[in-house]
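Undergrad: Okay, sequence plus prediction incoming.
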Amino acid sequence: MSENKSLSLREKIALGSSTVIIVGAVIYWGFQVQNVMELLELAYG
């Protein structure tokens, strides 16, 4: 981090990008779990 306790522009961009990637991954994972549950329901009734 910077010595003056405020985030630089690069740090803000990195933080925003990381947040978007993590939120996107969680949403994608949720859809995948839903699809697997649907597939198992179709397979086993």
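TA: In hand now; what should we look at?
Undergrad: Is Lys5 in a helix, a strand, or coil?
TA: Counting by DSSP: H, G, I helix; E, B strand; the rest coil, the backbone at Lys5 sits in coil.
Undergrad: any idea how far it is from Leu40?
TA: Lys5 is 50 Å from Leu40, where distance means CB to CB, to the nearest Å. C-beta here means a position set from N, CA and C on the backbone, and glycine is covered the same way.
Undergrad: higher neighbour count, the two?
TA: Shown here are Lys5 and Leu40; by other CB atoms under 10 Å, Leu40 has more neighbours (10 against 6).
Undergrad: can you tell me the helix or strand for that one?
TA: helix 9-44 (DSSP states H and E).
Undergrad: which of the residues in that helix are buried?
TA: In terms of neighbour count (16 or more other CB atoms under 10 Å), helix 9-44 has no buried residues at all.
Undergrad: from the chain's centre, how far out does it sit?
TA: Relative to its parent chain, helix 9-44 has a centroid offset of 5 Å by CA atoms, centre = their mean, to the nearest Å.
Undergrad: and that helix, what does it pack onto?
TA: Judged by 3 or more CB pairs under 8 Å, 6 or more residues apart in numbering; DSSP states H and E, helix 9-44 is in contact with no other helix or strand.
Undergrad: now that helix: mean pLDDT?
TA: For helix 9-44, the mean pLDDT works out to 97.
Undergrad: For Ser6, grab phi and psi.
TA: With angles defined as degrees, to the nearest 10, Ser6 sits at phi -100, psi 150.
Undergrad: What residues does it make contact with?
TA: Ser6 makes no contacts at all, as judged by CB atoms under 8 Å, 6 or more residues apart in numbering.
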